[in-house]
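1. Make a model of this:
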Amino acid sequence: MLIRRIQLENFCQHRRQDIRLVPGLNMIVGSNGAGKTNLLRAIQFAMIGDSGGEREKAADIYQGCGPKDRSFVQMEFSHGEHEMTVTRSLQPSSNELVIGEASWSTVNTINEEIGRRLGASKRQISDYVFVKQRGVDSMFDQKPAERASSLASLFGLENAEKIWRYVGEFTKDIEVPTTLMGEAAIMNELTAAQTAADDIVEEMESIDIPEDVEEYSADQNRIITGFDTRLRLANDRDIVQKRIDGKLGELGELAEETKVIQVDIDALADALVHIAGDVATAKKNLSQWQTYHATQAAREQLAKDEADYQKQRADFGEIPDEPIMDDEQRERLTKLRATCATLRQRIKDLDSMATICPTCNQELPDAHTVGEQLVNLRETLQIAEHDKLPLEMLAEEVEEFKKWREECQAFADWKASLQERAAALSTLTAPNMPESDCKEILEEQESFSTALVDLQKAKTEIEQEQAKVGGALEQLRERLANVTKQLQDIPVVLAEEADTARSNLGSLRNKLGQRNELSRNLAVAQATIQRWEDLLGDVRATLESAGRIREVVAHLEEVRNVFHRNEAPRVVSYTYIEQMLEDVNRTLEIFEAPFRVEMDEYLGFTARFLDGVRVQPDRRLSVGERIVLAMAFRITVNATFAGQVGLLIMDEPTAGLDEHNLGCLPRALERLRELSHERGLQVLFVTHEPRIGHLFDHQITLNNEGS
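-> Modelled structure (predicted):
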């Protein structure tokens, strides 16, 4: 892979950058804060869509970037025969990869396509192409445990420790099931329950019960039922006979009452026939008396009406002269009334018209004309009212005379009516028979008739009662015959036989109740046995499950121990380093370093100097020697895990070098430049030391203004 050009706009502190790179060794130099590391982050962002770190992508947008300004990274690079351009925009959010005429625009498809063409995963690029600050020689200062963790992370084994911790936490949370009772205690309880059930069965077998309980009970019940039925029927026969005797007595009494009532009925009928003539005469005279009394009342009312007539006629007075109103006067009155009504409506309409403007409170232009019209109309109305007044008075007099004449006619009719009534009442006289005698005869006739009706009603009721009692007597006789027949059909059972059958049934019920109670106790005992057997099965299953869980926990502990950093991760890291050790020493030879290295048991390097005397662990090497060793190690790691990418980026590998140690780098960098050309490896080397720029193929200098 060869990065040819990287463009930045509003990315971190870089307002605008357009940087071109060359094959071989590229040096990026600048003072602290110039954006060297952020330039590498931009390259990583372009390659894998992630600039590294835990902060949000929006935090990489230049602080002075406006809401409508673009913030993006664009990188032009080649790999094999293909030229590629990738653009990652933070604002607005967009992505594009262009390879020839093909293009991709989603994050995942771009990452997949770049990874496929480079032959490396996102992790390989992030961990083996990019070497972060203090990532070159920092492991030489670490303790063995820390170095093991760092190498495990470098070789993709960081999840081993997570697995080790997770399995440990998981096994701590595993609960091994326990039981409240032991197997032996449950067996004792089960044996006791089985013994109790056997005792109940033995007691049930000792109870003497007929083989066919239903047939035995039916025989005893037939004896008891036969005796009870005969006893009941005999009692019913005696009761029915007593009721028959009672009904016969009732019929005799009712017959005597009927005879007495019939005698009274005949006597009353004869009396009514005897007084029939007197009743007819009394009714006729009483009617005449009612007419006479009505005539007397009418005469008294007539006298009062004649007095009222005389008084009202005197109060009415003499007949006045009739006022005359001709047709011309009536027509003129009608026209004057219509004229006055029209004038009043016109005046009302003009009064309702506004003469003052409601907005400016000024008099309207036609207000004066309206006022003049109102004055004229009121004068005309006054004249018309004056002319109408005498005609209105004359019309009222005509109406009053008409009413007076109608009242006079009413008095005349009233007088004629009074005279007719007086003539009609003058001929009536009182009857010959006294009124009291008439009433007495009619009252006697009424009392006889009422008594006769009551007696006839009583006779009818007695006859109905006789029929009812006769029907009941017939039913009782039928019932007596039926009871007598039933007694004849039922065999005779003695009282001693019935008492014996009752005793036998009572004994049988007691035995059956005892057996049922024992059956319930047996069911309880069997349920207890089942419960203890189930509990025994549960306990055995729990113990078996607990054994299996302990085996699983022990197996997990064995698996967990494999993932401890001193086991599998250490073995894998040791194997990787052992395999790379020859390449590391070959690179040290290329760098013309004065030592070669071996690996110790703590995953560290031991340097053996070419003078054959000095032997030192890596942590005791000089800073310059450590930098050379670290660069040789990272070049080997890059070649081993990401060699197909052809790119190595190191951030501040010379940090910490003083003036004395700086002299060890020129030969190593010269050899690194030769190695990069030889292998086609493009190297980006970030440093703040400008004095070694002549050792690089290309130098990019950044200042604090982001350019």
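2. Nearest residue to the middle of this structure?
-> By Cα atoms, centre = their mean, the chain has its centre lying nearest to residue 173, at 37.8 Å.
3. Name the SS class of the closest residue to residue 638 other than its chain neighbours, please.
-> Closest residue to residue 638 apart from its sequence neighbours, by Cβ to Cβ, 6 or more residues apart in numbering: residue 648 at 4.9 Å. The C-beta positions use only the backbone N, C-alpha and C, and glycine is treated the same way. Secondary structure state of residue 648, per DSSP: H, G, I helix; E, B strand; the rest coil, is strand.
4. Pull the contacting residues for residue 648.
-> Residue 648 is in contact with 129, 131, 634-635, 638, 681-684, counting by Cβ atoms under 8 Å, 6 or more residues apart in numbering.
5. In helices, which of those residues fall?
-> 634-635, 638 (DSSP state H).
6. Quick one: distance of the longest helix along the chain to the chain centre.
-> For the chain, the helix that runs over the most residues, judged by DSSP H, is helix 495-562. Offset of helix 495-562 from its chain centre (Cα atoms, centre = their mean, to the nearest Å): 46 Å.
7. For the stretch 601-707 of the chain, just list every one of the helices.
-> Remark: helices assigned in the stretch 601-707 of the chain by DSSP state H, counting those that start in this stretch are 623-642, 665-679.
8. And residue 309, what's its pLDDT?
-> Listed pLDDT for residue 309 reads 67.
9. give me the low-pLDDT residue ranges for the stretch 551-700 of the chain?
-> The stretch 551-700 of the chain contains residues with pLDDT under 70 at 562-572, 656-664.
10. re earlier: can you redo the ones in helices among the contacts of residue 648 as JSON lines with distance to residue 57 and neighbour count?
-> Output for the ones in helices among the contacts of residue 648, formatted as JSON lines (distance: Cβ to Cβ, whole Å; neighbours: other Cβ atoms under 10 Å):
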{"residue": "634", "distance to residue 57": "27", "neighbour count": "21"}
{"residue": "635", "distance to residue 57": "31", "neighbour count": "24"}
{"residue": "638", "distance to residue 57": "27", "neighbour count": "24"}
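11. Just give me the closest of those to residue 75.
-> Using Cβ to Cβ, residue 638 comes nearest to residue 75 of the ones in helices among the contacts of residue 648, at 19.3 Å.
12. that older thread, please report how far the residue nearest to the centre of the chain lies from residue 557.
-> From residue 173 over to residue 557 the distance is 14 Å, taken as Cβ to Cβ, to the nearest Å.
13. Check residue 391 too.
-> From residue 391 to residue 557 the distance is 137 Å (Cβ to Cβ).
14. With neighbour numbers in mind, choose between those two.
-> residue 391 (17 against 12; other Cβ atoms under 10 Å).
15. That one: which element?
-> helix 367-425 (DSSP states H and E).
16. per-residue pLDDT, residue 70?
-> As predicted, residue 70 sits at a pLDDT of 94.
17. I'd like the distance between residue 283 and residue 294.
-> According to Cβ to Cβ, residue 283 and residue 294 sit 17 Å apart.
18. cool, residue 321 as well?
-> 46 Å.
19. Name the residue in the two with the higher neighbour count.
-> Taking neighbours as other Cβ under 10 Å, residue 321 and residue 294 compare with residue 294 leading, 12 against 6.
20. Tell me which helix or strand the more buried one sits in.
-> Going by DSSP H and E, residue 294 is part of helix 276-316.
21. That helix: what's the following helix or strand?
-> helix 327-352.
22. Between helix 367-425 and that next one, find me the angle.
-> 140 degrees (axes from the mean of the first three to the mean of the last three Cα atoms, to 10 degrees).
23. Please point out which parts of helix 327-352 sit buried.
-> For helix 327-352, a neighbour-count test (16 or more other Cβ atoms under 10 Å) marks 333, 336, 339-340, 343, 347 as buried.
24. returning to that earlier point: who are the neighbours in contact with the residue nearest to the centre of the chain?
-> Going by Cβ under 8 Å, 6+ apart, residue 173 touches no other residue.
25. mind checking how far it is from residue 553?
-> Distance from residue 173 to residue 553, counting by Cβ to Cβ: 11 Å.
26. cool, and residue 580?
-> 38 Å.
27. and what of residue 653?
-> Residue 653 sits 48 Å away from residue 553, going by Cβ to Cβ.
28. and the two? which has more neighbours close in?
-> Legend: neighbour count by other Cβ under 10 Å for residue 653 and residue 553, higher for residue 653 (22 against 15).
29. I'd guessed that one sits against residue 131; true?
-> Yes - Residue 653 is within contact range of residue 131, at 7.0 Å (criterion: Cβ atoms under 8 Å).
30. what helix or strand does residue 111 sit in?
-> Residue 111 is part of helix 107-118 when elements are defined by DSSP H and E.
31. In the helix or strand just after that helix, which residues are buried?
-> Next helix or strand after helix 107-118 toward the C-terminus (DSSP H and E): helix 122-124. Buried residues in helix 122-124, counting neighbours by 16+ other Cβ under 10 Å, are found at residue 124.
32. do the same with stretch 184-196
-> Residues 186, 189-190, 193, 196 are the ones in stretch 184-196 that count as buried (16+ other Cβ under 10 Å).
33. In helices, which of these appear?
-> With DSSP H as the criterion, helices contain 186, 189-190, 193, 196 from among the buried residues of stretch 184-196.
34. quick one: which of those is nearest residue 620?
-> residue 186 (69.8 Å).
35. what helices or strands is the helix or strand harbouring residue 4 leaning on?
-> Using DSSP H and E, residue 4 falls within strand 2-11. Judged by 3 or more Cβ pairs under 8 Å, 6 or more residues apart in numbering; DSSP states H and E, strand 2-11 is in contact with strand 14-20, helix 36-48, strand 71-79, strand 682-687.
36. now the last one: how far from the chain's centre is it?
-> On the basis of Cα atoms, centre = their mean, the separation between the geometric centre of strand 682-687 and that of its chain is 65 Å.
37. the inter-axis angle of that strand versus helix 623-642?
-> Strand 682-687 and helix 623-642 are oriented at 150 degrees to each other (the same axes, to 10 degrees).
38. just checking, what packs against strand 682-687?
-> For strand 682-687, the packing partners by 3+ Cβ pairs under 8 Å, 6+ apart come out as strand 2-11, strand 25-30, helix 36-48, strand 647-651, helix 665-679.
39. tell me the angle of it relative to strand 647-651?
-> When the same axes, to 10 degrees is applied, the directions of strand 682-687 and strand 647-651 differ by 0 degrees.
40. and strand 682-687, C-alpha only, in PDB?
-> What follows is strand 682-687 as a C-alpha-only set of coordinates in PDB (Å, rounded to 0.1, in the frame of the first residue of the first chain):
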ATOM      1  CA  GLN A 682       6.100   2.900   3.300                       C
ATOM      2  CA  VAL A 683       7.000   4.300   6.700                       C
ATOM      3  CA  LEU A 684       5.500   7.400   8.300                       C
ATOM      4  CA  PHE A 685       7.700   8.500  11.200                       C
ATOM      5  CA  VAL A 686       6.400  11.200  13.500                       C
ATOM      6  CA  THR A 687       9.000  13.100  15.500                       C
END
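41. Show me what counts as buried in stretch 263-282.
-> Under 16+ other Cβ under 10 Å, the buried positions of stretch 263-282 are 265, 268, 272, 278-279, 282.
42. dump the residue contacts of the closest residue to residue 433 other than its chain neighbours.
-> In space, residue 433 comes closest to residue 285 once its chain neighbours are excluded; the distance is 4.0 Å by Cβ to Cβ, 6+ apart. By Cβ under 8 Å, 6+ apart, the contact list for residue 285 reads 431-433, 435, 438.
43. buried subset of those?
-> Among the contacts of residue 285, those classed as buried by 16+ other Cβ under 10 Å are 431, 435, 438.
44. quick check, nearest of those to residue 249?
-> residue 438 (50.2 Å).
45. Would you verify that that closest one is located in a strand?
-> No - counting by three-state DSSP, residue 438 is not found in a strand; it is helix.
46. and stretch 214-231, what's its mean pLDDT?
-> 84.
47. buried sites along it?
-> Buried residues in stretch 214-231 (16+ other Cβ under 10 Å): 217, 220, 223-224, 226-227, 230.
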